[in-house]
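Asks: starting from these lines, generate the structure:
(4 chains)
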2 protein chains.
Amino acid sequence: MPNNQFKRGELYSFVTGKASTAIARRLQKKFNTAGLNLTIEQWSVLYHLWKQEGISQQELCNATFRDKPSITRLVDNLEKLNLVKRVASEHDRRINLIYLTKQAQKLQEESMLLAEETLNEALETVPADKIEVCKEVLQIVYDNLK
Amino acid sequence: MPNNQFKRGELYSFVTGKASTAIARRLQKKFNTAGLNLTIEQWSVLYHLWKQEGISQQELCNATFRDKPSITRLVDNLEKLNLVKRVASEHDRRINLIYLTKQAQKLQEESMLLAEETLNEALETVPADKIEVCKEVLQIVYDNLK
DNA sequence: GGCATATAGTTGTTTGTGCAACTATCCAAA
DNA sequence: TTTGGATAGTTGCACAAACAACTATATGCC
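Replies: Residues are numbered from 1 along each chain as shown, chains lettered A, B, ... in the order given. Model (predicted):
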């Protein structure tokens, strides 16, 4: 049992994601302070659309690791904010393709800068090689459980 | 700028806590399968009460890294499930001390086993020294942002 | 063509989070 | 002793997640 040695206090932080919660809260505060009227969850959808727009809601589910109802409602809210548009696919009428509005394109640079800034604050004083190990472990955890 | 080297794809996982989300989902499924009628958030409150009961809601806020309204509602729901009781402090009538019921005491062993099992599955194939580095980094992240 | 099945998306319900505003109580200083 | 500020907890609101049940459309097979 090589990995069976959890002291209880350590178990807790892993399950609750203390660190990632703290990162998300800090970024949310930066968005609010900057007057970006955007939740972290909405940002995480835009994040993938900035890489490639015109993808389906199902593809957004896979990319953001969320279920279909969550994406339906996030897209609902992003549509209300005039940041995305649903466009019915011509080939398959079950599919909505999601496109960014001009307004959303304007948000990319500023929000990404705030995200990088947040991560730099989070990882201040952490040596680069330890960050690499940490990323590697978190990726394996994800792969082990998905 | 020693830590300024985020490739964008990596940034996303850090902010969204992909790994810890996956762990929490896996544990929730184990609870459901085992017939434990308990959310991960409720479990995280019980977790601290098992270590020490009779603490105030404010102390639960600090321990679980949640705000006061969140704890109010988690305690509400735990009370509905007959797992905890609010007892007004005699010294300071503003304070509720939270005590476990017998029913909650019975849940400890089984739920902690499932949590350890989940972590073992998550960290399968990860060498112990890398786990240590990862824990260390996540703790620093938390300390940097709190 | 017609039917079974799979896929894309939506809706309802319960639970939790974050913020602001609120009540009740305590405490300390004038 | 009163009054003003701090602390503990609650409530309302908007947003999000997980699950189940639902509609609409597509596809493959007879």
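
Asks: hey, let's count contacts and neighbours off CA atoms from now on
Replies: OK.

Asks: quick check, central residue of chain A?
Replies: In chain A, the residue lying closest to the centroid (Cα atoms, centre = their mean) is A:Ser44, at 3.3 Å.

Asks: any idea whether it is helix, strand or coil?
Replies: helix (DSSP: H, G, I helix; E, B strand; the rest coil).

Asks: residues in contact with it?
Replies: Contacts for A:Ser44 were tallied using Cα atoms under 8 Å, 6 or more residues apart in numbering or on different chains; they are A:64, B:12, B:16.

Asks: just send those residues back as JSON lines, with pLDDT too.
Replies: Below are these laid out as JSON lines (pLDDT from 0 to 100):
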{"residue": "A:Thr64", "pLDDT": "95"}
{"residue": "B:Tyr12", "pLDDT": "84"}
{"residue": "B:Thr16", "pLDDT": "86"}
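
Asks: inside strands: which ones of those?
Replies: Assigned to strands by DSSP state E, none of these qualify.

Asks: so which of those are in helices?
Replies: Of these, the ones assigned to helices by DSSP state H are A:64, B:12, B:16.

Asks: a helix runs through A:Ile131, doesn't it?
Replies: Yes: judged by three-state DSSP, A:Ile131 forms part of a helix.

Asks: which residue packs closest to it, ignoring adjacent ones?
Replies: B:Val137 (7.0 Å; Cα to Cα, 6 or more residues apart in numbering or on different chains).

Asks: A:Cys61 too?
Replies: In space, and not counting its chain neighbours, A:Cys61 is closest to A:Asp67: 5.7 Å by Cα to Cα, 6+ apart.

Asks: same deal with A:Lys102?
Replies: Of all residues not flanking A:Lys102 in the chain, A:Leu83 sits nearest, at 7.6 Å (Cα to Cα, 6+ apart).

Asks: I'd say that neighbour and A:Ile98 touch.
Replies: No: the criterion here is Cα atoms under 8 Å, and A:Leu83 misses it with A:Ile98 at 10.2 Å.

Asks: what does chain A put close to DNA strand C?
Replies: Counting by Cα under 7 Å from any atom of the strand, chain A comes close to DNA strand C at A:21, A:25, A:28-29, A:56-59, A:68-69, A:71-73, A:94-97.

Asks: are any of these buried, and which?
Replies: For the residues of chain A next to DNA strand C, a burial check counting by 16 or more other Cα atoms under 10 Å in any protein chain shown picks out A:21, A:25, A:28, A:56-58, A:71, A:95-97.

Asks: and those, which is closest to B:Asp143?
Replies: Distance to B:Asp143 across these (Cα to Cα) is lowest for A:Thr21, with 12.3 Å.

Asks: how far away is that closest one from chain B?
Replies: A:Thr21 sits 7 Å away from chain B, taking Cα to the nearest Cα, to the nearest Å as the criterion.

Asks: picking up where we left off before, confirm for me that the residue nearest to A:Cys61 is in contact with A:Glu59.
Replies: No: A:Asp67 is beyond contact range of A:Glu59, at 10.6 Å (criterion: Cα under 8 Å).
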